[in-house]
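In: Here you go, sequence then predicted model.
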Amino acid sequence: MLDEIRDKIETEIANLTQELNVDLPVRIKTAMEHGDLRENAEFKAAKERQAFVEARLNHLTSRMTELSKIDVNEMAYDRVGFGSKVKILDTGMDEEFTFTITAGDFIDLDAGQVSLASPIGQGLLGAKEGEQVTIALPAGERIYKVLELSTLPQQLEGSGG
């Protein structure tokens, strides 16, 4: 999972770096050639995009730094944490959900991913298999029971890595 996330971030960094260093300078130069910059929508759009790309690159770079600090050997072997695959029961609705706890930028509910920064991710953090947790959600409090848990260290051990 860490390699997947690193690959996604590295790909986005490469694409944004290309845009920042190659594509945007051409767009800005072309827009400047049209004259009056005060009323030049193309120039303003390109400069806004440039600011966005720079901010996103800074964010992605800090995410890579955070990821490099993750030591799987120091992660809890039997508690919900980053990379855990969790099957829970919503005791109030009698519904089961299965998902993987991911980093903040990688939320895809359709693919069964829940962010560690989300209320559910935060509420489940540190829970063990069999435990019940009460989580405050915007729609009200929910009680979830952890039915099955496979932590990142367990998954890596099972895959031989």
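Out: Arrived safely. Numbers count the residues shown, from 1 in each chain.
In: Next, the buried residues of the strand or helix carrying Q50.
Out: Element membership for Q50 (DSSP states H and E) is helix 41-68. Residues of helix 41-68 classed as buried by neighbour count (16 or more other CB atoms under 10 Å): 43, 46-47, 49-50, 53, 57, 60, 63. Every C-beta, even on glycine, is put in place using the N, C-alpha and C of the backbone.
In: distance of I13 from E4?
Out: Distance, I13 to E4, by CB to CB, to the nearest Å: 15 Å.
In: cool, G35 as well?
Out: For G35, the distance to E4 - CB to CB - is 47 Å.
In: With neighbour numbers in mind, choose between I13 and E4.
Out: Higher neighbour count among I13 and E4: I13, with 16 against 10, using other CB atoms under 10 Å.
In: How about the more buried one, nearest residue that isn't a chain neighbour?
Out: L60 (5.2 Å; CB to CB, 6 or more residues apart in numbering).
In: That neighbour is in contact with N15, isn't it?
Out: No - at 10.4 Å, L60 and N15 do not qualify as touching, with contact defined as CB atoms under 8 Å.
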